[in-house]
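Student: Show me the folded form of this:
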Amino acid sequence: MTELHGLRGLFRGWLLWLALGCCLPALAQRLPQPSPRHAADVAAPTEIATTAWSREQLEAWWAALRRQAVSADERLDLPPDLLPPDLPTAWQPLTMPDARSRPGATLVSDARGYEMRWYRVRVPAGVDEAQALYLPRLVTLSAAVLARTDGGWRLLLDNQYAEREQWVQPIWLPLPGSGAQGLELVVALPVPADSYHAVARIWVGPRDVLEKRWLWRVRMQTGLPQAVSLTLAVLGLFALTLWLRRPDEAIYALFALACAAWVVRNLHYYVSLPVSTVGQDWFWWATHASMAWAMATALLFALRFATRRSRRLEQALVAAVVIVSVVSMPLWLRQLDMVVLQYAVTAGVASVGTAWLCWLAWRERHAELRLMALALVIGVLIGGHDLAVLAGWAWPEHFFWMPFATLAVMLSFLHAVQRRYVGTVEQVQAENSQLQEDLDEQVTVLQAQNAQLREVERQQALLLERQRIMADMHDGLGSSLLSALVAMEQGSMSHEQCVEVLRECVDDLRLVIDSLEPIGHDLVSLLATMRYRLGKRLQIGGLKLEWDVQDLPMLTWLEPPDALHVLRLMQEALNNVLKHAGASRVRMVTRHHGSYVEIRVEDDGAGFDLQNIQHGRGLKSQIKRAQRLGGKLRVDSTPGGGTRLSLRLPVERKASP
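Tutor: Predicted coordinates:
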């Protein structure tokens, strides 16, 4: 649990640093506004004059400006119809800003011609402080700034090189000294006739003051979207890798798609526009359509966190986005300005989806869902603001605020993903804890059952061992004692014979006891015990025992029942030497032959002919015992040459089926 809290704190800290990193470009770079004592706090009084131009005149104007930029002549050499009007009646006072709204889907054609809009401002005489011109927002064709001198009009700024980015790049122009007569400036802005345009207030004032405003505007209008887009690109790649690892988690794929769509939306901040008209049409279509796709994927992402889902609504949202994207393609209706219509449909779809999400969040009382719904509501409101700015319906001097909304939405999404991740970890930990408790309980039960089973096995082993011992004593010792008892009762056994039988019974009892001793699977120790038990008897019988025993490997299969078989085999062999061989010497030999070991009992007695002798009950019993041990018994003997009994036992015995 401590690790979980640490992970949760790390995740929240990461989110905080991410938010701070995204906001720093705007917060740290925002420079203070000028104090009220500066004259730049009031926009310069502006006058306007308009001139109707054809496409040819506009091209001639641009060509003349380009020539002027490379020539050494400061005077702008143009015919009067391409210069600001000289008649005082042509100029009218104008309250800035100056904007004309977009009517929606409208025809775009050169047939209506163009309109050159001249905006005149003045720099008062006797100003010693360096002056500058600042124009916050401008949505027209390429701007130019002219200054009237004694020799004519002088070109101060030709913005053709930055026309493609002019709508997001405020203009800041250092001005020459005003001199004793002041300085007359004209901002020349061509626009298509009766078309949309937006011109913010023109500021003329101290250079250092206006430069701060210009820098703040550039960083808020361009720097912040770039920072947000790059951040989302990194997060999108991270989400994509998560989705590739876990394809069943669709939220990661949706998050990656939303980030990719937003990056495409802001491509104009990173790449230059295509040169060809067709390329520009497709470029702007991609940046405009991607806004709808970013909105759709964001809604689908948020709806994934709701318990109740409406697949029909989700399909309708996607269908609406597909339709507006296809209709706005530059393959048809090329002469229509579809931008306002496209964004209006996108705003409508976003409003419907966000309203449904808000209703789900209110009904389900889900904290993460409520936070995402709030962020999307903010996004819809800001989207309405940006649509009004884009269409020219209101706030013509504002820049687009959607990067702030995107930042809020993505942070709410990251919070939701973090909460789901932490919730999943907590659930897994709870399940693991429950499984561990169940496992411990089962282990306890199994241990108790194993203890009972071991006790049952022990009791069964003891019972089997008792039965084996009883059977051995009944068949061996019991049978011998019973036979001796009957013989004594009938008077057919002498005292010496009775003593011999009792001695054999004692030896047999000792063998049974010795087989129960723990010898650790050591055959040599077992034989040594037998030598100790039978040595005195062999000595009384006149036999000299030669002990030629070498070390043997441990026989892992040698258990008490097997040990008893080995002892009985050796006892039987030694008894035969005592009773029948007439030998004076007996030799016990052990050898290791790789896969088997050998025990030999050799005597120097009379021997016998193996071809003529009948296998008695004793020899058959010995052969059966050897087979039970998994070994082989071999007897070699010649008349007058003694007898050799060989028992071969395997080192590794196969388990009996």
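Student: in the stretch 101-250 of the chain, what spans have low per-residue confidence?
Tutor: Under the criterion pLDDT under 70, the flagged ranges of the stretch 101-250 of the chain are 104-111, 180.
Student: can you map out the helices along it?
Tutor: Using DSSP state H, counting those that start in this stretch, the helices of the stretch 101-250 of the chain run over 207-218, 224-245, 250-265.
Student: Out of those helices, which one sits most buried?
Tutor: helix 250-265 (a mean of 22; mean count of other CB atoms under 10 Å). C-beta coordinates here come from the backbone N, C-alpha and C atoms, glycine included.
Student: could you point out which element follows it?
Tutor: Using DSSP states H and E, the helix or strand that follows helix 250-265 towards the C-terminus is helix 277-303.
Student: Quick check: buried residues in that next one?
Tutor: Going by neighbour count (16 or more other CB atoms under 10 Å), the buried part of helix 277-303 is 283-303.
Student: Could you name the helices and strands sitting against the following helix or strand past that helix?
Tutor: Counting by DSSP H and E, the next helix or strand C-terminal to helix 277-303 is helix 311-327. Helix 311-327 sits against helix 277-303, helix 339-364, with contacts defined as 3 or more CB pairs under 8 Å, 6 or more residues apart in numbering; DSSP states H and E.
Student: Would you mind getting the angle between the last one and helix 277-303?
Tutor: Which is helix 339-364. 10 degrees (axes from the mean of the first three to the mean of the last three CA atoms, to 10 degrees).
Student: The helix or strand following helix 339-364 relative to helix 339-364, how many degrees between them?
Tutor: Using DSSP H and E, the helix or strand that follows helix 339-364 in sequence is helix 367-391. With the same axes, to 10 degrees defining the directions, helix 367-391 sits at 160 degrees from helix 339-364.
Student: picking that back up, Serialize the helices and strands packed on helix 311-327 to a markdown table and add fields for distance to Arg122 and mean pLDDT.
Tutor: Output for the helices and strands packed on helix 311-327, formatted as a markdown table (distance: least, CB to CB, whole Å; pLDDT from 0 to 100):
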| stretch | distance to Arg122 | mean pLDDT |
| --- | --- | --- |
| helix 277-303 | 37 | 89 |
| helix 339-364 | 36 | 90 |
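Student: In a markdown table, list those along with distance to Ala373.
Tutor: Formatted as a markdown table, the helices and strands packed on helix 311-327 follow (distance: least, CB to CB, whole Å):
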| stretch | distance to Ala373 |
| --- | --- |
| helix 277-303 | 7 |
| helix 339-364 | 4 |
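Student: Out of those helices, flag the one nearest Met372.
Tutor: For these, distance to Met372 was read as CB to CB. The smallest value, 4.4 Å, belongs to helix 277-303.
Student: Identify whichever of the helices and strands packed on helix 311-327 lies nearest to Leu83.
Tutor: Closest among the helices and strands packed on helix 311-327, using CB to CB: helix 277-303, at 29.3 Å.
Student: So what's the gap between that closest one and the chain middle?
Tutor: 28 Å (CA atoms, centre = their mean, to the nearest Å).
Student: what angle do that helix and helix 311-327 make?
Tutor: Angle, helix 277-303 to helix 311-327, by the same axes, to 10 degrees: 170 degrees.
Student: Helix 277-303 - contacts with which helices or strands?
Tutor: Checking 3+ CB pairs under 8 Å, 6+ apart, helix 277-303 ends up next to helix 250-265, helix 311-327, helix 339-364, helix 367-391, helix 402-472.
Student: Can you say which of these is nearest to Gly152?
Tutor: Closest of the helices and strands packed on helix 277-303 to Gly152 is helix 367-391, at 37.9 Å (criterion: CB to CB).
Student: hang on, Thr590 is in a helix, isn't it?
Tutor: No - under DSSP: H, G, I helix; E, B strand; the rest coil, Thr590 falls outside any helix and is assigned strand.
Student: quick one, what contacts it?
Tutor: Contact partners of Thr590, counting by CB atoms under 8 Å, 6 or more residues apart in numbering, are Leu523, Val524, Leu527, Asp548, Val549, Gln550, Leu552, Val597, Glu598, Ile599, Arg600.
Student: can we see that at 10 Å?
Tutor: Contacts here follow CB atoms under 10 Å, 6 or more residues apart in numbering; on that basis Thr590 touches 523-524, 527, 547-552, 597-600, 647.
Student: related to what we said a few turns ago, CSV for the helices of the stretch 101-250 of the chain, including distance to Met570?
Tutor: Converted to CSV, those look like this (distance: least, CB to CB, whole Å):
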stretch, distance to Met570
helix 207-218, 108
helix 224-245, 71
helix 250-265, 79
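Student: Could you work out which of these reaches nearest to Gly631?
Tutor: Judged by CB to CB, the one of the helices of the stretch 101-250 of the chain that comes nearest to Gly631 is helix 224-245, at 62.3 Å.
Student: Which strands or helices does that closest one pack on?
Tutor: For helix 224-245, the elements it packs on are helix 2-27, helix 250-265, helix 402-472, judged by 3 or more CB pairs under 10 Å, 6 or more residues apart in numbering; DSSP states H and E.
Student: Distance from the longest one to the middle of the chain?
Tutor: With CA atoms, centre = their mean as the basis, helix 402-472 stands 25 Å off its chain's centre.
Student: So which other helices or strands are in contact with it?
Tutor: Identification of packing neighbours for helix 402-472 by 3+ CB pairs under 10 Å, 6+ apart yields helix 2-27, helix 224-245, helix 250-265, helix 277-303, helix 367-391, helix 495-516, helix 560-576.
Student: Of all those, which one comes closest to Ala416?
Tutor: Closest approach to Ala416 among these (CB to CB): helix 367-391, 4.1 Å.
Student: May I see the buried residues of the closest one?
Tutor: Within helix 367-391, the residues scored as buried using 16+ other CB under 10 Å are 368-380, 382-387, 389-391.
Student: Show me what it is packed up against.
Tutor: strand 197-199, helix 277-303, helix 339-364, helix 402-472.
Student: which one of those is the most hemmed in?
Tutor: Stretch with highest mean neighbour count among the helices and strands packed on helix 367-391: strand 197-199 (a mean of 24; mean count of other CB under 10 Å).
Student: what residues does that one touch?
Tutor: With CB under 10 Å, 6+ apart as the test, strand 197-199 has contacts from 46, 48, 94, 96-102, 115, 117, 119, 135-141, 143, 167, 187, 189-191, 389-392, 395-398.
Student: Among these, name the buried ones.
Tutor: Among the contacts of strand 197-199, those buried by neighbour count (16+ other CB under 10 Å) are 46, 48, 94, 96-99, 101-102, 115, 117, 119, 135-141, 143, 167, 187, 189-191, 389-392, 395-396, 398.
Student: Okay, and which of these map to strands?
Tutor: 46, 48, 94, 98-99, 115, 117, 119, 135, 138-139, 187, 189-191 (DSSP state E).
Student: Among those residues, which one sits closest to Ala606?
Tutor: When those are compared against Ala606 (criterion: CB to CB), the nearest one is Val139, at 134.1 Å.
Student: correct me, but that closest one touches Gln169?
Tutor: No - using CB atoms under 10 Å, Val139 is not in contact with Gln169, being 11.3 Å away.
Student: who's in contact with Phe400?
Tutor: Trp167, Val168, Gln221, Pro225, Ile382, Gly383, His385, Asp386, Leu387, Val389, Leu390.
Student: Any chance of a markdown table for these, columns distance to Thr346?
Tutor: A markdown table is the format used below for the contacts of Phe400 (distance: CB to CB, whole Å):
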| residue | distance to Thr346 |
| --- | --- |
| Trp167 | 19 |
| Val168 | 20 |
| Gln221 | 21 |
| Pro225 | 18 |
| Ile382 | 13 |
| Gly383 | 8 |
| His385 | 14 |
| Asp386 | 11 |
| Leu387 | 9 |
| Val389 | 15 |
| Leu390 | 11 |
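Student: so who does Ala132 touch?
Tutor: 40, 172-175, 203-211, 213-214.
Student: Now Val228. Nearest residue, chain neighbours left out?
Tutor: Leaving aside its chain neighbours, Val228 sits nearest to Pro403 (4.7 Å; criterion: CB to CB, 6 or more residues apart in numbering).
Student: could you measure the residue lying closest to Leu369 once chain neighbours are set aside against Arg309, distance?
Tutor: Using CB to CB, 6+ apart and skipping the chain neighbours, the partner closest in space to Leu369 is Ala361 (4.3 Å). To Arg309, Ala361 is 13 Å away according to CB to CB, to the nearest Å.
Student: Many thanks, we can stop here.
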